[in-house]
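> Dropping the sequence and predicted coords here.
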Amino acid sequence: MFGLLTWLILLVAALFVGALVVRSARKNALYDQLDLPLSGYRIIGHDLGESRTAIKISAFGINGKPDVIAEHKRKRRIRVYDVKARRYSGRVSNYELFQMTLYVGILRTTRPGYEVEGYLKFRDQVVPVSYSHRLFISLKDLKPEAVQAMRNWKPINKTPLLARRR
């Protein structure tokens, strides 16, 4: 009886340790996939894989759920990532630029004093996205027009967004 109980306890302990190792390997794989230094950053939310802990961000009535948000362990720095299924073609699309600009702008608004950096993770590489506060303000100011366009099922102003930028 004592031998069987000992083996059962050892089996449960081995399964527990195995689960921890698998979880740690998944975590390390995510850091590797994003080219994120494991020692410097901790992931505070992600919307990838199994154990999702997505963080919804919002400001000015604009909401978003980035794929990954990572915070530096010692400095006031945040990295926000959006993962794309395609390969990097040498350029970031307007939609991707607008999306990342809104993510970074919202995080800068809700986390004052933090340096916020935006990255797009393509299938083959990670690309930093430069932030323009002027573009963020322009996009933020389009919210009433976007709401009206969605209600009417047609654009209010057909001029492309980049052509209307201030």
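Ah, there it is. Not measured: the values here are computed from a predicted model. Numbering: from 1, shown residues only.
> Every contact and neighbour count from this point should use C-alpha atoms.
OK.
> continuing past the worst-scoring helix or strand of the chain on mean pLDDT, what's the next helix or strand?
Within the chain, no helix or strand scores below helix 2-33, which has a mean of 58 by mean pLDDT, DSSP states H and E. Per DSSP states H and E, helix 2-33 leads on to strand 41-46 as the next helix or strand towards the C-terminus.
> now the strands for this protein?
Assigned by DSSP state E, the strands in the chain fall at 41-46, 57-59, 62-64, 68-72, 77-83, 115-121, 126-129.
> ok, the last one: who's next to it in the sheet?
So that's strand 126-129. The strands that strand 126-129 pairs with in its sheet are strand 115-121 (antiparallel) (by DSSP bridges).
> Send me the strand it pairs with as CSV with only the CA atoms.
These are the backbone C-alpha positions of strand 115-121, laid out as CSV (Å, rounded to 0.1, in the frame of the first residue of the first chain):
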residue,chain,number,x,y,z
GLU,A,115,7.2,55.2,-23.7
VAL,A,116,5.0,53.2,-26.0
GLU,A,117,6.4,51.4,-29.1
GLY,A,118,4.3,49.6,-31.8
TYR,A,119,5.4,46.6,-33.7
LEU,A,120,3.9,44.4,-36.4
LYS,A,121,4.8,40.7,-36.3
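> Mind listing residues that contact that strand?
Residues outside strand 115-121 that contact it (Cα atoms under 8 Å, 6 or more residues apart in numbering) are 34, 76-84, 100-101, 103-104, 107-108, 126-131.
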